[in-house]
Structure formats: C-alpha cells, structure tokens
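Trainee: quick one, what's the 3D model for this:
(chains A and B)
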There are 2 protein chains.
Amino acid sequence: MYIGIDIGGMTIKAGLVNDNGEIIAKKTIKTDVGHPEKAIQDIANLCFDTAKEGNVDFSDVVAIGTGVPGTAHNGVVSFAANIGWYNVDYAKMLSKLTNKPCYLGNDANCALIGEWRFGVAKGYKDVVAITIGTGVGLAVIVDGKMLLGNRSAGTEGGHIRIKERGLKCACGREDCWELYASTTSLLRRAEAIAVANPDSIIARLIAEKGLDGFTVFEADEKGDKEIAKMIDEYIDDIVEGLVNYVNVFRPELIVLGGGISKRERIFKPLEEKVNAKAYGGKNNPQVYIKTAKFFNDAGIIGAAALAMQD
Amino acid sequence: MYIGIDIGGMTIKAGLVNDNGEIIAKKTIKTDVGHPEKAIQDIANLCFDTAKEGNVDFSDVVAIGTGVPGTAHNGVVSFAANIGWYNVDYAKMLSKLTNKPCYLGNDANCALIGEWRFGVAKGYKDVVAITIGTGVGLAVIVDGKMLLGNRSAGTEGGHIRIKERGLKCACGREDCWELYASTTSLLRRAEAIAVANPDSIIARLIAEKGLDGFTVFEADEKGDKEIAKMIDEYIDDIVEGLVNYVNVFRPELIVLGGGISKRERIFKPLEEKVNAKAYGGKNNPQVYIKTAKFFNDAGIIGAAALAMQD
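Mentor: Next comes the predicted model:
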C-alpha cells in the first residue's frame, strides 16, 4: 500500500493506492496556503486518516508520494507560487512525522508517472505529456527517465514562443504557446466572436448560460460558423506546439491530458495533423497520441506511483 | 588510441585521437555520395592510412567512432539525405573490414560528446548544444545522457516554429527557427537591405567583395545603421529559440557552435538576454552560454569520443 498526496491551491487530496494503482480510499482537506509547516502537519494527519479510511494499518503503508504544483527538487519544494511555498524541506519533514520514506515531485511529472506505470503510457520509453487547462503543462520521459533539468526546473513547456502577435504572457515573454493552446485562449477567442457578433449562436448561448467550454462546443455543434473556424484555428495552434515537441523529443507517444483532450472535435484530428507536419514525414517513426487514462485522480495515482521506487 | 571519422557531404575526415582528445594525425578523402558500400571500404582504408600517418600500429587502435550527417540508430544510418544513405548497416560493415568495435552517431550529437568529454561542457550533466550554420542544429544531454528519441530521430531542433510570417521551410512547415537564426537568414536579410538601399555601406561592400558573413559584420563595424538594426533583430531571434530550449530543458549550460558563435557582436549579449527572458527569472537556476572549444575538428574529436565507451 502506498499513499499519494496531490497538493493543489484549494485542496490537498490523499489516496490510499494499492500495487495496481487502484485507489482504495480517498480523503481531502483544505490547503492552508502560505503555511507549509502547518500544512505538512495536516498532511501527516491526512495520511493516518486515509489509511484508517481504507481499513489499512499504517504500518502496511510502504511509502508516501506527493505531487506539488511547482518546482520540486530532491524532496524540497523550491518554488510553488500558488501555495506560497519557497524552499520547504518537504520530504524530510513529512518523513519525520510519518516515519515513512517520502518522495516529492512536480504534479505534472507525477501525472505522467501515473500514466506510465498504470495508464496509457505503459511500456513506452519516450513519452511527451501535454496537459491543456488554464495553462499548458509539459512532462517528458526520455529513454525511460523523467526529464527534470537543472535543479528540476525544466519542462516549462507552455512557455515556448510560437508566434509574434505581442500577446503578453505572465512569465514575462510574449506569445508563449499556452496563450494560444490553453482553454483560456479558447474561451477568450469565443468571447471575442460573441462581442463582435451579438446575434450569433455563441452570443446567445453565452447570454443564456455563461461562457465556458460547454457553451463553445455547443455553439459549434449548433452551426456557429465563426466558432467552427475559430476551433479549427485553435486546433492548429495546439498542433504547432505538439510538432515542435515531436521534432525535439521524437517521442513514441504523446499523452494528452486536461478535460478538453476528451473532446473528439479537438482530439481526433491531432494525430494525423501532427505526423503530417513533423520533421522527416514518413521517413521518421510516427507518433501516437492518446488521451490520459486518469483525470481527477491523476494526481493521487501519479504521486503514489512516484513512491513505488523499485 | 581511437579513430574518429567525420562524414560530410563533400569530404570524409579521419583523425587518430589519443585518450586526451588530441589529434595525432589526420587524413581526408572525398565523399563518394550515394555509394555507401564503396564509401565504407574507402573509410576502412582511411582508418589504416590514418593510423600509419600517426606512426601507430593499427592493433593499438581501440575503437572507431563515426559521426554522420543524418539519423544514426544502433549503428545503422537510417536516413542521411545529403550523402544519399538510407538504412546502411554502417557499424557492422566497418567493423567487419577493420576488425574493431565501431560506433556511430549523428554528427551534431558527436560534436556535443566531444565538448562534453574534452571541451567546454566537461563536468556538466544538463547541456543544450546549438550549432548555427546554414541551418540550426541541436544536441542535448539530459542528466548525463544523450537525448536520442524514438529510433534516434529526435533533436531536430532547428525545426520549432517560432513565428507566423509564412516563410517556407524545407522540412515542409513554415517559420521554423532555423529560417530566422541560421547564417543563411543573416545573409538573406543583409542582401534585402542592400537591394533596398543601393547607396548603403552594405550594398557597396557586397558589390566590392561579395556577400558573406565578413561583409555583413564589416558593414556593421563601418556604421551601416540598417545592418546594425538587422543584426540586433537577428540576435533576438536567436535568443527566442534559446529561451524556448532553456524553458524546456533548463540546462546548466548552452554550448554554441558554428563560426558565427565566435563573433563577439553575436555571442556577447546572449547570456544576459536569455536569462532575462527564461521562465522564473531569478527564481530559477541561471544558464551559462559558452562557445564551443572545437570547431573544424569537432566532428573528428566527437566521433573519437563516441568510441571511448567506458
């Protein structure tokens, strides 16, 4: 038995996970943002409670893995802006409180480890994982090993510049890929169409239901041509970044995560488009694209998988 | 003693290299393009001749390494367009003819291995090497290991899309980085300025001496303001691609190769500009940028280093 901890800006989720990557029990607490010592004490108690919840004696827990939304290096959270942690000696502190081996990783990396051990990436040696949400995340397995970079500060993969429109990114650069490939971008574009065309299907749907992913795809299905064209362009922007990563890493597989990756309208054209544009065309090995197996539980399962250090 | 072979589109160079990465003797032959069997026989003879040239008995040669301008996988040249080799079982064939262990790598990867073992990248674990020439090449060491990708088809690093001007790339995409960061791009821009300004310093220099890198930098030094502005923009285009790779790999070091990397005007501003734009700014480890130690002999030394499999 392992425990996987998924630290988020709002909640901390814990799961008791067996050797097959199945969640036996789950518990959630609120994140005490900005107070790492208190939070780690909370997490230790959460571990005890989660084992209890699963009717497992805590002595049967082999190890604890944690995924954190930020830079994790050698068990230390060096930098996690949205939970307010800087240079927190996490693994050592949690290990002291729980008396278990504790492992720490970046949350996107953990999610890929989960897919690699128990999900769609099982058996592959070269994998690129892209998660599309409010931002765009990257995790990479190179020849069977997670790419970390110097002090584990690599794979900030949403932040590759792909255009020159002058759109400002929070990272300080302009025209980063995530400004075009994130769901935030999809919504921004849909809103612009609605504002410019007050009688359009999308404008009416937004007035009725508010703006979210569902509204956008509903407008597309109901025949809003501007929205359809916009989604096609959005797909092409996703493709451009994916092709960049194929040319650099030439993975066997791309794992696509985030709610939008489950949309056929988005997902279906990607594999063909990416392979058509990738360097060397048919002379090079083709790339498979799959949607992630784990969604809401990806963090827990991935963190637990991180703890399975065999 | 090792032998390093550098296969190019015009010539094949061989060097007898000692354990310290020093070239003891060197010989060159013409490349018999499109005839791999004949070429490999030539290379075997070249190995014997190079050992003789260095007054070394061939039995003292431990192994032979070769760098090839294309995709090399498990000793096989799968795809090397400009020498016309496809699926050539190189290492096995050369080994049969020379009775030595033979190793094969992509030439850009070999050059980085040379820098890593004997040059400026010595002691680093995470290194990105960028070679700027008529194209732009990439080689990467991730946590002490060369990044190869599926069937060694990765690190086509000139082919990441960074703009949207519609410039066609030979790879089939538009606006690949190498269209903006290669010396080809620098010359193309200089020529456009000369054509538009027939009385400019650059136009006069081109009329007098022809168009090459020297002319461009001479015009800059002589005060051609349009050329100065263009070089500044060219530097920024190099920076954008470098920052992309810093964000993805977070290397400790970038090794810059190609003749232009020795130009102070180009090289000097890069480190500061790249670190200023890289993700996380001062919160993340800074990146060093160094020019490669080996230039004309990089291929030979790198190929020999590849053969030092200890």
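
Trainee: which SS class is residue A:14?
Mentor: Secondary structure assignment for residue A:14 (DSSP: H, G, I helix; E, B strand; the rest coil): strand.

Trainee: tell me how far it lies from residue B:148.
Mentor: 38 Å (Cβ to Cβ, to the nearest Å). For glycine as for every other residue, the C-beta is placed from the backbone atoms N, C-alpha and C.

Trainee: give me the nearest residue to whatever residue of the stretch 51-200 of chain A ends up closest to chain B, chain neighbours excluded.
Mentor: Residue of the stretch 51-200 of chain A nearest chain B, by Cβ to the nearest Cβ: residue A:149 (3.1 Å). Nearest residue to residue A:149, sequence neighbours excluded (Cβ to Cβ, 6 or more residues apart in numbering or on different chains): residue B:250, at 3.1 Å.

Trainee: wait, that neighbour sits on residue A:157?
Mentor: No - checked against Cβ atoms under 8 Å, the pair residue B:250 and residue A:157 is beyond contact range at 11.1 Å.

Trainee: chain B contacts on the stretch 1-150 of chain A?
Mentor: By Cβ under 8 Å from any Cβ of the partner chain, the part of the stretch 1-150 of chain A that sits against chain B consists of A:71, A:79, A:125, A:126, A:138, A:142, A:143, A:145, A:147, A:148, A:149, A:150.

Trainee: which outside residues touch the host helix or strand of the fifth one?
Mentor: Residue A:138 belongs to strand A:136-142 when assigned by DSSP states H and E. Strand A:136-142 is touched from outside by A:106, A:108-109, A:111-112, A:116, A:121, A:124-131, A:146-147, A:155-158, A:177-178, A:181-182, A:241, A:245, A:249, A:251, A:257, B:142, B:145, B:147, B:149, B:248, with contacts defined as Cβ atoms under 8 Å, 6 or more residues apart in numbering or on different chains.

Trainee: mind listing the strands that strand pairs with, and their directions?
Mentor: strand A:127-132 (antiparallel), strand A:145-146 (antiparallel) (DSSP bridges).

Trainee: so how far is the last one off the chain centroid?
Mentor: Strand A:145-146 has its C-alpha centroid displaced from the chain centroid by 16 Å (Cα atoms, centre = their mean, to the nearest Å).

Trainee: same thing with stretch A:212-219?
Mentor: Taking Cα atoms, centre = their mean, one finds the center of stretch A:212-219 at 22 Å from the center of the full chain.

Trainee: and the helices in the stretch 201-310 of chain A, which stretches?
Mentor: A:201-209, A:213-221, A:225-249, A:264-267, A:270-277, A:298-307 (DSSP state H, counting those that start in this stretch).

Trainee: and the ones you listed as TSV, adding mean neighbour count, mean pLDDT and distance to residue A:87?
Mentor: What follows is the helices of the stretch 201-310 of chain A, written out as TSV (neighbours: other Cβ atoms under 10 Å in any protein chain shown; pLDDT from 0 to 100; distance: least, Cβ to Cβ, whole Å):
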stretch	mean neighbour count	mean pLDDT	distance to residue A:87
helix A:201-209	17	97	44
helix A:213-221	19	97	37
helix A:225-249	21	98	30
helix A:264-267	16	97	39
helix A:270-277	18	98	39
helix A:298-307	29	96	21
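
Trainee: now the strands paired with strand A:136-142 in a markdown table, with mean neighbour count and mean pLDDT?
Mentor: Shown next, in a markdown table, are the strands paired with strand A:136-142 (neighbours: other Cβ atoms under 10 Å in any protein chain shown; pLDDT from 0 to 100):
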| stretch | mean neighbour count | mean pLDDT |
| --- | --- | --- |
| strand A:127-132 | 26 | 96 |
| strand A:145-146 | 17 | 96 |
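
Trainee: residues touching the residue of the stretch 201-310 of chain A found nearest chain B, list them.
Mentor: Nearest to chain B, among the residues of the stretch 201-310 of chain A, is residue A:250, at 3.1 Å (Cβ to the nearest Cβ). Listed by Cβ under 8 Å, 6+ apart, the contact partners of residue A:250 are A:126, A:284, A:285, A:287, B:149, B:150, B:151, B:152, B:153, B:154, B:155, B:156.

Trainee: can you list the residues of the stretch 201-310 of chain A near chain B?
Mentor: Residues of the stretch 201-310 of chain A lying near chain B (Cβ under 8 Å from any Cβ): A:240, A:243-244, A:247-252, A:277, A:279-281, A:283-285, A:287.

Trainee: buried subset of the residues of the stretch 1-150 of chain A next to chain B?
Mentor: Listed as buried from the residues of the stretch 1-150 of chain A next to chain B are A:71, A:79, A:125, A:126, A:138, A:142, A:143, A:147, A:148, A:149, A:150; burial here means 16 or more other Cβ atoms under 10 Å in any protein chain shown.

Trainee: inside strands: which ones of those?
Mentor: Within these, residues falling in strands by DSSP state E are A:71, A:79, A:138, A:142.

Trainee: excluding covalently adjacent residues, which one is nearest to residue A:84?
Mentor: Nearest to residue A:84 is residue A:34, by Cβ to Cβ, 6+ apart, at 3.6 Å.

Trainee: any idea how far the one you found lies from residue A:26?
Mentor: 25 Å.

Trainee: what does residue A:218 give?
Mentor: 32 Å.

Trainee: same thing with residue A:93?
Mentor: On the measure of Cβ to Cβ, residue A:93 and residue A:26 end up 23 Å apart.

Trainee: so which of the two has more stuff around it?
Mentor: For residue A:93 versus residue A:26, neighbours defined as other Cβ atoms under 10 Å in any protein chain shown are more numerous around residue A:93 (20 against 16).

Trainee: quick check: buried residues in the helix or strand harbouring the more buried one?
Mentor: Using DSSP H and E, residue A:93 sits in helix A:90-98. Within helix A:90-98, the residues scored as buried using 16+ other Cβ under 10 Å are A:90, A:91, A:93, A:94, A:95, A:97, A:98.

Trainee: for stretch A:278-295, same thing?
Mentor: Quick answer for stretch A:278-295 (16+ other Cβ under 10 Å): A:278-280, A:284-285, A:287-294.

Trainee: between those, which is closest to residue B:165?
Mentor: residue A:279 (19.5 Å; Cβ to Cβ).

Trainee: would you agree that closest one is in contact with residue A:245?
Mentor: No - using Cβ under 8 Å, residue A:279 is not in contact with residue A:245; the gap is 11.4 Å.

Trainee: domain parsing for chain A?
Mentor: A:2-117+A:296-307, A:121-182+A:229-291 (automatic domain parsing).

Trainee: pretty sure residue A:7 is touching residue A:82, no?
Mentor: No - the pair residue A:7 / residue A:82 is not scored as a contact, 10.1 Å apart, by Cβ under 8 Å.

Trainee: who has more neighbours out of these two?
Mentor: Ranked by neighbour count (other Cβ under 10 Å), residue A:7 and residue A:82 place residue A:7 first, with 25 against 12.

Trainee: quick one, what contacts the closest residue to the more buried one other than its chain neighbours?
Mentor: Nearest in space to residue A:7, with sequence neighbours left out and distances taken as Cβ to Cβ, 6+ apart, is residue A:68 at 4.9 Å. Residue A:68 sits next to A:7, A:77, A:80, A:83, A:85, A:90, A:104, A:105, A:106, A:107 when contact means Cβ under 8 Å, 6+ apart.
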